[in-house]
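Visitor: 3D model of this:
(2 chains)
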Amino acid sequence: QQQVKQSPQSLIVQKGGISIINCAYENTAFDYFPWYQQFPGKGPALLIAIRPDVSEKKEGRFTISFNKSAKQFSLHIMDSQPGDSATYFCAASTHSGGYQKVTFGIGTKLQVIP
Amino acid sequence: NAGVTQTPKFQVLKTGQSMTLQCAQDMNHNSMYWYRQDPGMGLRLIYYSASEGTTDKGEVPNGYNVSRLNKREFSLRLESAAPSQTSVYFCASSEITDTQYFGPGTRLTVL
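Guide: All right, here's what the predicted structure looks like:
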């Protein structure tokens, strides 16, 4: 059962364009929604995160939009650059039994072409 | 700070062999995790340790065992490796309400 559905699985964007990755979740107990960026051969690293009491969070060229009623959230990368080419994972987490239980989407492989 | 370190980086095993993946963190985090990453499957939790001295099963624990050696170290053991365990394994650590920090991964092939 995929609790966090992510799309698209792959994305090609021209340099300077906007990259958009969408995620949807089912469990209303989730209370933290991070996005991770992973370069080939490396571990995932936190890019940006949002809590459900906020509808939008922006950090530089990266913006999360969050729609609590629709149980959807998305990552927008403005002015996409070749250096943004990586795999992006959305995630949703909740705290259970003293630890942070994180459910990841399947990932989106982004390629930004010059 | 090195963050989260994992050894080895690469490993090839034959079916039935055993091995232990090592993980250490220097951020004084209480919680540690082992994930596996497979194409089209995202990251799936194998085992976690909420605090020193405790371990619990995650989503895909079959065929694996773990040991939380101390607050810094959390190891993953494959007792009898199978081709289905070919994957990239990531260790992560966090505080309870904080971001998970991942290591660089171990790429394991089981022949």
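Visitor: Just the CA coordinates for the helix or strand bottoming out on mean pLDDT in chain A, please, in CSV.
Guide: Lowest by mean pLDDT, DSSP states H and E among the helices and strands of chain A is strand A:99-104, with a mean of 85. Written as CSV, here are the backbone C-alpha positions of strand A:99-104 (Å, rounded to 0.1, in the frame of the first residue of the first chain):
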residue,chain,number,x,y,z
TYR,A,99,10.5,7.8,16.8
GLN,A,100,9.8,9.6,13.6
LYS,A,101,8.0,7.3,11.1
VAL,A,102,8.7,8.5,7.6
THR,A,103,6.9,7.3,4.5
PHE,A,104,8.6,8.1,1.2
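Visitor: what's the neighbour count on whichever residue of chain B sits closest to chain A?
Guide: As assessed by CB to the nearest CB, chain A sits closest to B:Phe102 within chain B, at 3.5 Å. The C-beta positions use only the backbone N, C-alpha and C, and glycine is treated the same way. Neighbours of B:Phe102 under the rule other CB atoms under 10 Å in any protein chain shown: 25.
Visitor: Which residue is the nearest non-sequential neighbour of it?
Guide: Residue nearest to B:Phe102 in three dimensions, not counting chain neighbours: A:Gly43, with 3.5 Å by CB to CB, 6 or more residues apart in numbering or on different chains.
Visitor: Surely the one you found touches B:Gly105?
Guide: Yes: using CB atoms under 8 Å, A:Gly43 is in contact with B:Gly105, at 5.4 Å.
Visitor: Pull up the overlap in contacts between the two.
Guide: B:Phe90 (CB atoms under 8 Å, 6 or more residues apart in numbering or on different chains).
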